[in-house]
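Participant: structure here, sequence nowhere to be found:
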């Protein structure tokens, strides 16, 4: 059974990023997937210390222990599909998503590229501009870890400001459903 984990970088519970991820989840659940979303936005997540202890220890953990990063690393290790979602803040991802990328990225690399061959996708909620830059930031993480990246019929973002407003973006919502279909198709082709 396909196990899907989404990391939500938005501090707004039930906001547009959540709506985009849930649209993907709804479609994937039709294919029998189990889904879990972890909202890191709004939590205090420190950035990388550049101490490189993860390369010394190689224990699949970051030395910082007072936030959810180490738990997320283990959840990611167990998942078949990893979805990263973020709102667009000053044409990039949220601070929590950036801290997540920096720390998990280093730990993953220090531990033999532990996310290699997992299916990955990035989605972005945006009011107006900067979505492609935020999209690129998350895609760089997926690419660096040699994950199989899923696209859609257009860039993976939905347009809206107020909570729930992305639901009015018909093209954006269709893109989310297409992402789910592409994930399900790939999973059936690669799972044994």
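Facilitator: Nice, I can see it. Because the structure is predicted, anything quoted here is derived from the model rather than measured.

Participant: residue contacts, the residue nearest the centre of the chain?
Facilitator: Nearest to the mean C-alpha position of the chain, counting by CA atoms, centre = their mean, stands residue 84 at 1.0 Å. Residue 84 is in contact with 6, 7, 9, 97, 101, 120, 121, 122, 123, 138, 141, 142, counting by CB atoms under 8 Å, 6 or more residues apart in numbering. The way it works is simple: take the backbone N, C-alpha and C, and place the C-beta from them, glycine included.

Participant: list the contacts of stretch 160-170.
Facilitator: 12, 14, 15, 16, 19, 20, 125, 127, 158, 159, 172, 173.

Participant: what's the burial count for residue 185?
Facilitator: Residues near residue 185, counting by other CB atoms under 10 Å, number 12.

Participant: and whichever strand or helix holds it, how far from the chain's centre?
Facilitator: Assessed by DSSP states H and E, residue 185 sits inside helix 170-190. Helix 170-190 sits 15 Å away from the centroid of its parent chain (CA atoms, centre = their mean, to the nearest Å).

Participant: do the same with stretch 106-126
Facilitator: With CA atoms, centre = their mean, you get 8 Å for stretch 106-126.

Participant: check which helix or strand residue 124 maps to.
Facilitator: Per DSSP H and E: strand 119-126 holds residue 124.

Participant: secondary structure class for the residue nearest to the centre of the chain?
Facilitator: strand (DSSP: H, G, I helix; E, B strand; the rest coil).

Participant: ditto for residue 36
Facilitator: Following three-state DSSP, residue 36 is assigned to strand.

Participant: below-threshold pLDDT in the protein: ranges please.
Facilitator: Scanning the chain for pLDDT under 70 picks out 192.

Participant: strands of that one, start to end?
Facilitator: Per DSSP state E, the chain carries strands over the ranges 3-8, 34-39, 81-87, 119-126, 148-149, 157-159.

Participant: now those as JSON lines including distance to residue 63?
Facilitator: Shown next, in JSON lines, are the strands of the chain (distance: least, CB to CB, whole Å):
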{"stretch": "strand 3-8", "distance to residue 63": "20"}
{"stretch": "strand 34-39", "distance to residue 63": "21"}
{"stretch": "strand 81-87", "distance to residue 63": "23"}
{"stretch": "strand 119-126", "distance to residue 63": "25"}
{"stretch": "strand 148-149", "distance to residue 63": "29"}
{"stretch": "strand 157-159", "distance to residue 63": "34"}
